[in-house]
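only geometry, no sequence info:
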């Protein structure tokens, strides 16, 4: 299922023995653009505290207003604490993974380490590439969708707009598209840009560079924000840009 980050925010998180809070933000890694954690405000249950919930714990979602997780409230309460306003360090991620018994997502060939999906079957060898190569080298860093919203998007021949939202695949928990508001270039239109089409990101300058021209983007199949992103539309979009679909 594809859902916007803005619709995920505010969604209740339900432990096996009661609700623990609501989603306030999403953290993704800047190599594969995969959602690694949901930042959850625990409200009156644990006043003043935010906790991180890994997609590894998420069970089948049947109600868009609620995300069930295979955790107890006690597990969440006693989990390693972190300051959601500061960068999440790898040392904390190791402690977090050890506490919950999760394998490290950064130690395998797939998006989730040894598996393509957060709760998937362990596979021995990769059949397809599932993560984009690192941009600029170094270890992946976690970024906040809230902070990256508003970044400028620049085509090969100029600005096309800014990041307005993200479209998330809630099976792989991958960011499939950035939703770009083109109001200063193409008023009244919004376009989808896949992270796979990014040349580089200047995190210091809050700017994303994509390897497509403005004309190619403008002539792509039009995106209707009032309609769900269907596979037929995705097929036409990727075909227009002569790119291989992530689902192949």
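Received it, and whenever you're ready, just let me know what you need. Here the structure is a predicted model, which means the values were calculated and not measured. Residues are numbered from 1 along each chain as shown.

so residue 186 is in contact with residue 220, correct?
No. Using CB atoms under 8 Å, residue 186 is not in contact with residue 220; the gap is 11.3 Å. Every residue, glycine included, has its C-beta placed from N, CA and C.

what does the nearest residue to residue 61 once chain neighbours are set aside show for phi and psi?
Setting aside the residues directly before and after it, residue 61 is nearest to residue 67 in space (CB to CB, 6 or more residues apart in numbering), at 5.8 Å. Per-residue torsions, residue 67: phi -110, psi 110 (degrees, to the nearest 10).

so which residues of this protein form helices?
For the chain, applying DSSP state H gives helices covering 5-8, 73-77, 90-100, 145-148, 214-218, 231-240.

show me which residues of the longest one are buried.
This means helix 90-100. Within helix 90-100, the residues that count as buried by 16 or more other CB atoms under 10 Å are 92, 93, 96, 97.

same question for that helix, mean pLDDT?
The average pLDDT within helix 90-100 is 95.

centre of the chain versus that helix, how much separation?
20 Å (CA atoms, centre = their mean, to the nearest Å).

ok, how many other residues are close to residue 198?
Residues lying near residue 198 (other CB atoms under 10 Å) number 18.

that one and residue 102, how far apart?
28 Å (CB to CB, to the nearest Å).

likewise residue 116?
On the measure of CB to CB, residue 116 and residue 102 end up 16 Å apart.

before we move on, what about residue 236?
Counting by CB to CB, the separation of residue 236 from residue 102 is 37 Å.

out of those two, which sits in the busier spot?
A direct count of neighbours by other CB under 10 Å for residue 236 and residue 102 places residue 102 higher, at 16 against 13.

and for the closest residue in space to that one that isn't next to it in sequence, the neighbour number?
Of all residues not flanking residue 102 in the chain, residue 56 sits nearest, at 5.1 Å (CB to CB, 6+ apart). A total of 21 residues lie near residue 56 under the criterion other CB under 10 Å.

how about residue 19, nearest residue that isn't a chain neighbour?
Using CB to CB, 6+ apart, the closest residue to residue 19 is residue 12 (5.4 Å).

just grab the bridge partners of that neighbour for me.
residue 22, residue 66 (DSSP bridges).

that one: what's it in contact with?
Contact analysis of residue 12 by CB atoms under 8 Å, 6 or more residues apart in numbering lists 19, 21, 22, 65, 66, 67.

which among those end up buried?
Buried among the contacts of residue 12 by 16+ other CB under 10 Å: 21, 22, 67.

I figured the last one was touching residue 58, is that so?
Yes. Taking CB under 8 Å as the definition, residue 67 is a contact partner of residue 58 at 6.0 Å.
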